[in-house]
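A.B. asks: attaching a predicted model along with its sequence, questions to come.
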Amino acid sequence: MHADGVPERNETERNETEAQRIDRNWIELLQELRIVQTGGQVLTGFLLVVPFQDRFAEIGGGGRALYLGVLTLVLAATVVLLSPVMIHRAVFRSHRKDRVLRLSATLARVGLALLAVAMVGLGALIFSLVVGTAGGVAAGAVLAVFVVVMLFVVPARVRRQHASTTYVAS
């Protein structure tokens with residue numbers, strides 16, 4: 001319930017307590033993290049073997065710098081996306097799940113952003129190797145616009161369009 005006495009949306013639509021809402025949100029966040037972590041870990045594995053390929057020697061200084069930047073972003077994203085589980089373990093049964101949930105939701109957004117920027121860089125790197133530097137720059141720009149649309153524009157539109165939609169339990 002809000003401070004002004006108006007019930008929160010979940011209280012009227014889901015008939016759940018605050019603790020139940022926090023538990024449900026935590027479970028949903030963990031499901032999202034499982035999906036993203038798998039993709040991030042596959043990407044990390046791919047990037048870790050790239051320097052051991054024969055063709056890596058052909059990459060110039062700019063390509064190597066881009067590769068190292070992408071690798072750093074992916075490794076950082078992996079750590080950030082794993083951290084909610086580590087934090088939860090550290091404070092388990094300390095009745096701080098609401099704080100852990102808020103922090104973990106923020107970490108999930110940061111991890112997704114790092115992963116998205118890494119994917120833009122990876123796309124630019126691969127295109128530059130296949131079709132040249134100009135193609136890599138163009139691919140990176142197109143991917144950057146696509147990431148902005150998918151991570152910011154689409155969710156904002158969904159929030160606006162469905163702000164007044166009521167929840168119907170099935």
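C.D. replies: The structure has been received and is ready for your questions.

A.B. asks: wait, Gly121 sits on Val70?
C.D. replies: Yes - if you go by C-beta atoms under 8 Å, Gly121 and Val70 touch, sitting 4.1 Å apart. Bear in mind the C-beta positions are built from the backbone N, C-alpha and C, glycine included.

A.B. asks: so how far is the helix or strand in which Val85 is found from its chain's centroid?
C.D. replies: Counting by DSSP states H and E, the element that carries Val85 is helix 61-90. Relative to the centre of its chain, helix 61-90 is centred 11 Å away, using C-alpha atoms, centre = their mean, to the nearest Å.

A.B. asks: any buried residues in that helix, and which?
C.D. replies: Across helix 61-90, burial judged by 16 or more other C-beta atoms under 10 Å covers 63, 66-67, 70-71, 73-78, 80-84, 87-88.

A.B. asks: and the pLDDT at the residue nearest in space to the middle of the chain?
C.D. replies: Taking C-alpha atoms, centre = their mean, the centroid of the chain lies closest to Leu112, which sits 1.7 Å from it. Per-residue pLDDT puts Leu112 at 94.

A.B. asks: against Asp54, how distant is it?
C.D. replies: Note on Leu112: its distance to Asp54, by C-beta to C-beta, to the nearest Å, is 34 Å.

A.B. asks: tell me what the helix holding Val85 is packed against?
C.D. replies: helix 18-49, helix 97-131 (3 or more C-beta pairs under 8 Å, 6 or more residues apart in numbering; DSSP states H and E).

A.B. asks: for it, give the mean pLDDT please.
C.D. replies: Helix 61-90 carries an average pLDDT of 92.

A.B. asks: angle of it against helix 97-131?
C.D. replies: Interaxial angle, helix 61-90 versus helix 97-131 (axes from the mean of the first three to the mean of the last three C-alpha atoms, to 10 degrees): 160 degrees.

A.B. asks: averaging pLDDT over each of the helices and strands packed on helix 61-90, which comes out lowest?
C.D. replies: helix 18-49 - the lowest mean pLDDT of those, at a mean of 90.

A.B. asks: buried set for it?
C.D. replies: Applying a neighbour-count criterion of 16+ other C-beta under 10 Å, the buried positions in helix 18-49 are 21-22, 25-26, 29, 33, 36-37, 40, 43-44, 47.

A.B. asks: same thing with stretch 147-156?
C.D. replies: By neighbour count with 16+ other C-beta under 10 Å, stretch 147-156 contains the buried residues Val147.

A.B. asks: who's in contact with that stretch?
C.D. replies: Applying C-beta atoms under 8 Å, 6 or more residues apart in numbering, the set of residues contacting stretch 147-156 from outside is 112-113, 116-117, 119-120.

A.B. asks: quick check, nearest of those residues to His162?
C.D. replies: Leu112 (20.5 Å; C-beta to C-beta).
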